[in-house]
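Engineer: Show me the folded form of this:
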Amino acid sequence: MKIVVGYDVKGAAGDVLTLAVKYAKAFNAGVDVVSSLVQGTENEIQNISEAEKGLENAKGYFEKEKIKCKTHLLIRGMAPGEDLVSFAIENEADLIIIGVKRRSKVGKLVFGSTAQYVILEAPCPVISIK
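Structural biologist: Numbering: from 1, shown residues only. Just a heads-up that it's a prediction; the model follows:
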């Protein structure tokens, strides 16, 4: 079994990792932790650095639990939800675990929802956590 974890340091990151550990242990699964940035220009260096640091921390968390983990920082010009779904398809994921940020109704209308996109478009089951 392959679990893909949509990881955003600013979201429900800790809860997502905790839940992913439980599922990985229950199903003897490997985990791919994925962060997505729309672009990687010089102006984004701080965001890239933060994402890389967050992914390293996540990898250490899984390694401490003796779970096989690979990390991926995706900078492919796609919205995060699109990127995560594409990654899941490309890597034949069996399960996606993603955090849900609280956003106002107007915010969802204007900006959309990464989790909503993933839930509707994913090729496999999706577990979302607040």
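
Engineer: Go through the longest helix seen in the chain and flag the buried ones.
Structural biologist: The longest helix of the chain (DSSP state H) is helix 45-64. Of the residues in helix 45-64, those buried by neighbour count under the rule 16 or more other CB atoms under 10 Å are Asn47, Ile48, Ala51, Gly54, Leu55, Ala58, Lys59, Tyr61, Phe62. C-beta: built from backbone N, CA, C; applies to glycine.

Engineer: and it, what does it pack onto?
Structural biologist: Contacts defined by 3 or more CB pairs under 8 Å, 6 or more residues apart in numbering; DSSP states H and E place helix 45-64 against helix 13-27, strand 30-36, strand 69-74.

Engineer: ok, how many other residues are close to the closest residue to Glu63 other than its chain neighbours?
Structural biologist: Leaving aside its chain neighbours, Glu63 sits nearest to Cys69 (6.4 Å; criterion: CB to CB, 6 or more residues apart in numbering). Cys69: 22 surrounding residues under other CB atoms under 10 Å.

Engineer: got it, and Glu92?
Structural biologist: 10.

Engineer: same deal with the one 3 residues further on?
Structural biologist: Leu95 is surrounded by 21 other residues when neighbours are defined as other CB under 10 Å.

Engineer: just checking, it touches Pro123?
Structural biologist: No: if you go by CB atoms under 8 Å, Leu95 and Pro123 don't touch, sitting 10.7 Å apart.

Engineer: Low-confidence bits of this protein, can you list those?
Structural biologist: 11-12, 40-42, 101-112 (pLDDT under 70).

Engineer: Ala24: what's it in contact with?
Structural biologist: The contact partners of Ala24, taken as CB atoms under 8 Å, 6 or more residues apart in numbering, are Ile3, Gly30, Val31, Phe62, Glu65, Ile67.

Engineer: Could you provide the residues you listed in JSON lines, with additional columns for distance to Ala13?
Structural biologist: Shown next, in JSON lines, are those (distance: CB to CB, whole Å):
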{"residue": "Ile3", "distance to Ala13": "15"}
{"residue": "Gly30", "distance to Ala13": "19"}
{"residue": "Val31", "distance to Ala13": "14"}
{"residue": "Phe62", "distance to Ala13": "13"}
{"residue": "Glu65", "distance to Ala13": "16"}
{"residue": "Ile67", "distance to Ala13": "16"}
